[in-house]
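return atomic coordinates for the entry below.
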Amino acid sequence: MDTVLTPPQSSNGHKRSPQTADSQATRRDILEELFAEPVSVQESAMIPTNLIDGWASYYLQLSLPALDVKSVSIQSVARRVLVRGRYTVPVVEDGSYTRQGIPAGTVCETFELPGEVDGDKATARYDRGILTIEMPRVDYLKPATVPVEVVG
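Numbers count the residues shown, from 1 in each chain. As a prediction, this is how the structure comes out:
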């Protein structure tokens, strides 16, 4: 998920004016400039995630315990996947939080994949708190076997 960097704020909370147009660069632009090659930025600090590059598919695994599976919505377009859902944690009426570390509410994350996928053939399963999305590569990106014709 790309995030536009905002100008720094002064001590009184007012935004300072940006010094150059570069201050509006995205984190991806900054990382690409630092490392001089494309970098995949995953801003999923709240959601532990695995992205697996398989032969015919990409697999995206998200750790989402307490997820209301019926609320999950997954959309894919070209190289991007949008995952939305809602955490539901049972409410304890007889007490107040002294520590609250379990996320509650909605989750919405966008992931960029290394290549294009066929969203119509994607599948998803939820097992023991892990959402696994299998997204087949588009056919024209799959390696093809070329037969060799022997002449003479």
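
what's the neighbour count on residue 146?
Number of residues near residue 146 (other C-beta atoms under 10 Å) recorded here: 6. Any C-beta I mention is one placed from the backbone N, CA and C, and that applies to glycine too.

where does it fall, phi/psi-wise?
Phi and psi for residue 146, reported as degrees, to the nearest 10, are phi -110, psi 120.

then residue 75?
According to degrees, to the nearest 10, residue 75 has phi -130, psi 140.

one more: residue 94?
Taking degrees, to the nearest 10 as the convention, residue 94 sits at phi -100, psi 60.

how is the protein carved up into domains?
1-7+14-41, 46-141 (automatic domain parsing).

okay, helices next: where are they in the chain?
27-35 (DSSP state H).

just to revisit the earlier point, please work out which of the domains of the chain is packed deepest.
Most buried of the domains of the chain, by mean neighbour count (mean count of other C-beta atoms under 10 Å): domain 46-141, with a mean of 14.

contacting residues around residue 47?
Contacts for residue 47 (C-beta atoms under 8 Å, 6 or more residues apart in numbering) come out as 62-64, 107, 109.

what is the nearest of those to residue 73?
Within the contacts of residue 47, the smallest distance to residue 73 is 10.6 Å, found for residue 107 (C-beta to C-beta).

doesn't residue 86 make contact with the closest one?
Yes - if you go by C-beta atoms under 8 Å, residue 107 and residue 86 touch, sitting 7.3 Å apart.

next, show the common contact partners of these two.
residue 67.

give the contact list for residue 86.
67-68, 71, 105-107.

typo on my end, it should be residue 143
By C-beta under 8 Å, 6+ apart, residue 143 lies in contact with residue 55.

gap between it and residue 128?
Noted for residue 143: a distance of 33 Å to residue 128, by C-beta to C-beta, to the nearest Å.

ok, residue 124 - contacts?
Counting by C-beta under 8 Å, 6+ apart, residue 124 makes contact with 72, 74, 131-134.

and what of residue 72?
Going by C-beta under 8 Å, 6+ apart, residue 72 touches 83-85, 124, 126, 131.

one more time with 7 Å, if that's ok
By C-beta atoms under 7 Å, 6 or more residues apart in numbering, the contact set of residue 72 is 85, 131.

pLDDT at it, what is it?
We have a pLDDT of 94 for residue 72.
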